[in-house]
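Asker: Predicted coordinates and the sequence they were generated for:
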Amino acid sequence: MAAEIVLERDEKLMDAATVGDVELLRKCVESNQPDEYYLSVFDYEPGWCLNIFHLAATNNQQEFLREAIERKLLGVDVVQKLICQPSADQNQWNSLHIAAHANGYTPCHMALAENDEECALEIWKMDKELLSGMLDHDGNSLLYLAIKRGLHKFAREMLVTSSHSLSFAGKGGTNALHVLPNCTPGIIPPYSICFI
């Protein structure tokens, strides 16, 4: 079932996620808002109807995500629903659900596209198993995007700490090894060991 567009009165939550206003998020939690309040989907831009995790990732608001997830401001059920909730637009983008494999970007892909390594790490830690093999609509894995964009901390974290199968896939049949030579000096040896 698709999420509904949020009423005007809830736009404060959209703004909080967009600008990283953790204090407003805390106040919402303290006011005992129902779960549905946090699961709202916002008409962010024409054709972009996103939940608060998509908004935070798109706008590089890693502290907002950290507070919501690691510091458990939002309950586990709400966090899981936000991760898997499809957007209410024609793409039906789903943060971490397998449908995103065919149609869109996860918030983690969006954070990497914005070169926000810290935000991407926060999102990836939510569900390493699912995200480790997920591709965006162009066929790019998280590992491929991280190495291609020079986000070595993220790539190393995936390679060293993930006990799950990693996808190396990239657009047009390329893979992470194709873009590895573009890495800065000193980065290739740790990756090379992991690839052998």
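Answerer: Yep, that arrived.

Asker: Please enumerate the strands of this protein.
Answerer: Secondary structure of the chain, counting by DSSP state E: strands at 42-45, 48-50.

Asker: Now stretch 151-161: buried residues?
Answerer: Buried residues in stretch 151-161, defined by neighbour count with 16 or more other Cβ atoms under 10 Å: 151-152, 154-159. For the C-beta atoms, the positions are set from N, CA and C on the backbone; glycine is no exception.

Asker: I'd like to know which of these is nearest to residue 64.
Answerer: Lowest distance from residue 64 to the buried residues of stretch 151-161 (Cβ to Cβ) belongs to residue 154, with 18.4 Å.

Asker: sorry, back to before: may I see the buried residues of stretch 151-161 arranged in TSV, with pLDDT and distance to residue 82 as well?
Answerer: Shown next, in TSV, are the buried residues of stretch 151-161 (pLDDT from 0 to 100; distance: Cβ to Cβ, whole Å):
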residue	pLDDT	distance to residue 82
151	89	23
152	85	28
154	90	21
155	89	25
156	88	27
157	89	22
158	88	22
159	86	27
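
Asker: Contacts only, for residue 27.
Answerer: Not one residue lies near residue 27 by Cβ atoms under 8 Å, 6 or more residues apart in numbering.

Asker: what stretches of the chain score poorly on pLDDT?
Answerer: For the chain, the stretches with pLDDT under 70 are 1-9, 47, 71, 84, 86-105, 181-196.

Asker: which residues of it fall in helices?
Answerer: Under the criterion DSSP state H, the chain carries helices at the ranges 11-19, 22-30, 35-38, 52-58, 62-69, 76-84, 100-103, 107-113, 117-124, 128-131, 142-148, 152-161, 176-179, 188-195.

Asker: Select, out of those helices, the one closest to residue 44.
Answerer: Comparing the helices of the chain by Cβ to Cβ, helix 52-58 comes nearest, at 6.3 Å.

Asker: Could you give the separation of the closest one from the chain centroid?
Answerer: Here the centre of helix 52-58 is set off from its chain's centre by 7 Å, with Cα atoms, centre = their mean, to the nearest Å.

Asker: cool, stretch 20-40 as well?
Answerer: Centroid separation between stretch 20-40 and its chain, computed with Cα atoms, centre = their mean, is 19 Å.
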